[in-house]
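**Student:** Could you look at this predicted model? Sequence included:
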Amino acid sequence: MKDRSLEEPGLNDAGTTTSKYVAPKTNILVIVTSLLLALYGLSASIYLTYDHYSNKSPAGCPDKGFINCAKVTTSPQSLIFHIPVALLGLLFFVTFLPLCIPQAWNSPSKKVAYLRLIMVITGVLFILYLVAMELLVIKSLCLWCTSVHVTTFLLFMLVVMSFNQTGYILSKYYSD
């Protein structure tokens, strides 16, 4: 049986007027988790960008041994085309955060659903490159950077596993 709340306005079986189409809602846990992860990623990226431009070493991170934020954040690999990697992360999260609000998750727009998916796939590919640079070239890890990498990977997993819960997919499924 079809859910009547998803139909066009008209009369229902009781003879009363039905409301406009209402898209099914994305799981609130998915929305809240994505928002919290994106906010953390944004905050950490702001901090790393600030540290980059103030020539400081990230707080709470050792500067000797394998865990060495200063070595990673000041290496030649911390710039891509003369743009700090931290700034690229900041731009990613500034752009991605609006895609995590409830209206974006519940949007019936194909573009919103696929933009979110394409962005996290791009983000994960970029962090794979960055982790390879840390491990194979710099031979050190930055704890702050790793926290952003883990956050991006978790967002990737959440978006991929929840893709069938986006407003676009749900509206297609329930409108047939």
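**Tutor:** Sure, I can see it. Not measured: the values here are computed from a predicted model.
**Student:** Run through the strands of the chain in chain order.
**Tutor:** If DSSP state E is used as the criterion, the strands of the chain fall at 79-80, 83-84.
**Student:** Just name the shakiest helix or strand of this protein by mean pLDDT.
**Tutor:** Least confident helix or strand of the chain, by mean pLDDT, DSSP states H and E, is helix 167-175 with a mean of 62.
**Student:** low-confidence ranges in this protein?
**Tutor:** 1-24, 167-176 (pLDDT under 70).
**Student:** which residue ends up closest to the midpoint of it in space?
**Tutor:** Here the mean C-alpha position of the chain is nearest to the C-alpha of residue 155 (Cα atoms, centre = their mean), at a distance of 4.8 Å.
**Student:** pretty sure it contacts residue 120?
**Tutor:** Yes - shown here, residue 155 and residue 120 form a contact pair, counting by Cβ atoms under 8 Å, at 5.4 Å. Where you see a C-beta, it was placed from the backbone N, CA and C, and this is true even at glycine.
**Student:** Give the intersection of the neighbour lists for the two.
**Tutor:** residue 96 (Cβ atoms under 8 Å, 6 or more residues apart in numbering).
**Student:** got the strands of the chain as JSON lines, with distance to residue 162 and mean neighbour count columns?
**Tutor:** Formatted as JSON lines, these follow (distance: least, Cβ to Cβ, whole Å; neighbours: other Cβ atoms under 10 Å):
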{"stretch": "strand 79-80", "distance to residue 162": "30", "mean neighbour count": "14"}
{"stretch": "strand 83-84", "distance to residue 162": "31", "mean neighbour count": "14"}
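**Student:** can I get those strands in CSV with distance to residue 111?
**Tutor:** Putting the strands of the chain into CSV (distance: least, Cβ to Cβ, whole Å) gives the following:
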stretch, distance to residue 111
strand 79-80, 27
strand 83-84, 27
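**Student:** out of the ones you listed, which comes closest to residue 164?
**Tutor:** Among the strands of the chain, strand 79-80 comes nearest to residue 164, with 33.9 Å by Cβ to Cβ.
**Student:** Could you say which one of the strands of the chain comes nearest to residue 37?
**Tutor:** Using Cβ to Cβ, these put strand 83-84 closest to residue 37, at 21.9 Å.
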